[in-house]
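Asker: Sequence plus the predicted model coming up.
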Amino acid sequence: MVENIEITFLGTGSAVPTARRNHTGTLLKYKEQNILFDCGEGIQRQFRIASINPCKLTKIFISHWHGDHILGLVGLLQTLAMNGYNGKLKIYGPRGTERSIDLILETYMRRYLEDSKSEGYNFEIEALDVDEGPLDNTEEYKIDAIRTDHGIPSLAYSFIVKEKNRIDKSKLKKLGIGNSPLIGELARGKSVKINDVTINGKEITYTEEEKKVTIILDTRANSNLINFAKESNVLISESTFSSEEQEKANKRGHLTSHDAARIAKESNSKLLILTHLSQRYSNIPHVLEQEAQTIFKNSKVVEDFDKLII
């Protein structure tokens, strides 16, 4: 069975939220992993509106420590502690993340964590300062990071489900093979003997191609982002400014709709999702979408609570 990546856009606004768009936050679900990229103010309420249990979170990745990307952390962590979160929540981010999380825990969270333990829960938080390169590399997926250009330590991330061989279960059923311990060998394309029958694994397997989601938030355009986003199934990119505001975008360390579209086109991405819209475009997102489409046709602006499955 093909395992999908499900993406929920919990916040699609930028520095100033609007009635239509909350501060930024993107939830990515893959199998048992529920990963939040950035945690803007009000995110815990966005979870509730989307009918998603925040206690299923496994990891949080912070792009940078500007308020609209992190001010939801305190409330979210308190909610987890008061609702029986049981496990270790890992929080990754650029240089300074570990110190910032320590300050949050000392200032706001000590009582909640102590109460959680006294009630038999085991809520742990591990903060990690990270840099470019693979951050979380498992047999099934990996998460990579690259530095971005926003004036303070900042990162973009890619979530990559690795290419894998899968067994065609319909062919397996026709052969009358149950849960043999040798099925793993077949999945690797080897020939094995089961019930006196030699089976060529290559004949009953197929390749499930790699899937890649790249998330680029607050940054000036630079050529490194193109290679980082290369062959993304989905490129999620900030589009804070319109193409007519290129000078302002450069000065403030942001991308325009055209910048995002060029990254998508030159990286050979399949779909461009525009998010992190300035308040001036909150209610007229078609302006940015149409600008991006002049360069990269498969561009789309998302709204809060939109979902995407790949």
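Answerer: Looks like it came in fine.

Asker: low-scoring stretches of the stretch 101-250 of the chain, by residue?
Answerer: Scanning the stretch 101-250 of the chain for pLDDT under 70 picks out 167-190, 192, 194-197, 201-204.

Asker: those strands in it, which residues are they?
Answerer: 123-129, 133-137, 141-147, 155-161, 164-167, 191-194, 197-200, 205-208, 211-216, 234-238 (DSSP state E, counting those that start in this stretch).

Asker: Adding distance to G11, write the ones you listed out as TSV.
Answerer: For the C-beta atoms, the positions are set from N, CA and C on the backbone; glycine is no exception. Putting the strands of the stretch 101-250 of the chain into TSV (distance: least, CB to CB, whole Å) gives the following:
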stretch	distance to G11
strand 123-129	22
strand 133-137	22
strand 141-147	20
strand 155-161	16
strand 164-167	32
strand 191-194	50
strand 197-200	50
strand 205-208	31
strand 211-216	13
strand 234-238	12
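
Asker: highest average neighbour count across these?
Answerer: Among these, ranked by average contacts under mean count of other CB atoms under 10 Å, first place goes to strand 234-238 (a mean of 28).

Asker: ok, residues contacting that one?
Answerer: Contacts with strand 234-238, where a contact means CB atoms under 8 Å, 6 or more residues apart in numbering, come from 7, 14, 26, 212-219, 229, 254-255, 260, 263-264, 267, 269-276, 308, 310.

Asker: Generate the ChimeraX command that creates a selection of the buried members of the residues you listed.
Answerer: Here is the ChimeraX command that selects the buried residues among the contacts of strand 234-238 (16 or more other CB atoms under 10 Å):
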select :7,14,26,212,213,214,215,216,217,218,219,229,254,255,260,263,264,267,269,271,272,273,274,275,276,308
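
Asker: Just the ones in helices from the contacts of strand 234-238, please.
Answerer: Using DSSP state H, the subset of the contacts of strand 234-238 located in helices is A260, I263, A264.

Asker: Quickly note the distance from the first one to S278.
Answerer: A260 sits 13 Å away from S278, going by CB to CB, to the nearest Å.

Asker: Ok, T256 next?
Answerer: 10 Å.

Asker: So which of the two has more stuff around it?
Answerer: T256 (25 against 22; other CB atoms under 10 Å).

Asker: and the closest residue in space to R147 that isn't next to it in sequence, what does it touch?
Answerer: Using CB to CB, 6 or more residues apart in numbering and skipping the chain neighbours, the partner closest in space to R147 is E132 (5.7 Å). Residues counted as contacts of E132 (CB under 8 Å, 6+ apart) are A145, I146, R147, L155.

Asker: now, among these, which is nearest to E114?
Answerer: Proximity of these to E114 (CB to CB) peaks at L155, which lies at 32.0 Å.

Asker: quick one, helices of the stretch 1-150 of the chain?
Answerer: Under the criterion DSSP state H, counting those that start in this stretch, the stretch 1-150 of the chain contains helices at 43-49, 67-70, 73-82, 97-104, 110-118.

Asker: any idea which of these is most buried?
Answerer: Note that of those, helix 67-70 is the most buried (mean count of other CB under 10 Å), with a mean of 22.
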